[in-house]
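> build me a model from this:
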Amino acid sequence: MHMVRAILFLLLSMAIAKSAQDTNWVVKFLSPDFVEYDLTTRTAIVTNGIIVKYGGATLSARKARANEKNGLVEAEGDVYLEREGHIWRSDRMRYNFYTGVVLVTDFRTAQTPFFAVC
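Numbers count the residues shown, from 1 in each chain. Sure, this is the predicted structure:
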């Protein structure tokens, strides 16, 4: 059973790496047991840790739905976004890597000399 999971994880990683070659979209999973990937929509659903990198921005979270086609990541749980030296933290966040739009209600951010908690 573990061998089957390892092979499926390897194939999934290869599929994502191949599709990401055109966009430099990088998705890393902290556990292969909690990943679903739809090749048609190019969407990964991860429920046990994810890191997404694209265009100088990095987002990490416990759970997320990441759509490579439109660049939208909907993340939950200890969400951390770093972009252009600016750090955002929240429990929930929607971030579009292609447009740079951040949608968040409760967040913490800091960039000297300003600090915000909303």
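> specify the beta-bridge partners of the residue nearest to Val102 when sequence neighbours are not counted.
For Val102, the nearest residue in space outside its immediate sequence neighbours is Tyr95; the separation is 5.3 Å by C-beta to C-beta, 6 or more residues apart in numbering. Where you see a C-beta, it was placed from the backbone N, CA and C, and this is true even at glycine. The bridge-partner assignment for Tyr95, based on DSSP bridges, gives Val73, Val102.
> got a list of what Tyr95 touches?
The contact partners of Tyr95, by C-beta atoms under 8 Å, 6 or more residues apart in numbering, come to Ala57, Leu59, Leu72, Val73, Ala75, Leu81, Val101, Val102, Leu103.
> same check on Glu82?
Neighbour list for Glu82: Ala57, Thr58, Leu59, Trp88 [criterion: C-beta under 8 Å, 6+ apart].
> circling back: can I get the buried part of the contacts of Tyr95 as one PyMOL selection?
The buried residues among those can be selected in PyMOL (16 or more other C-beta atoms under 10 Å) with this line:
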select buried, resi 57+59+72+73+75+81+102
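> thinking again about what came up before, closest one of the contacts of Glu82 to Thr40?
Each of the contacts of Glu82 was scored against Thr40 by C-beta to C-beta, and Leu59 proved nearest at 23.2 Å.
> give the contact list for the closest one.
Residues Ile51, Val52, Lys53, Val73, Ala75, Val79, Tyr80, Leu81, Glu82, Met93, Tyr95, Phe97 are the ones in contact with Leu59 under the rule C-beta under 8 Å, 6+ apart.
> which pair of those spans the longest distance?
Using C-beta to C-beta, the pair of these lying farthest apart is Lys53 and Met93, separated by 15.5 Å.
> among the contacts of Leu59, which are located in helices?
Using DSSP state H to define helices, no part of the contacts of Leu59 is located there.
> more crowded one of Lys53 and Met93?
Neighbours per residue, other C-beta atoms under 10 Å: of Lys53 and Met93, the larger number sits with Met93, 23 against 17.
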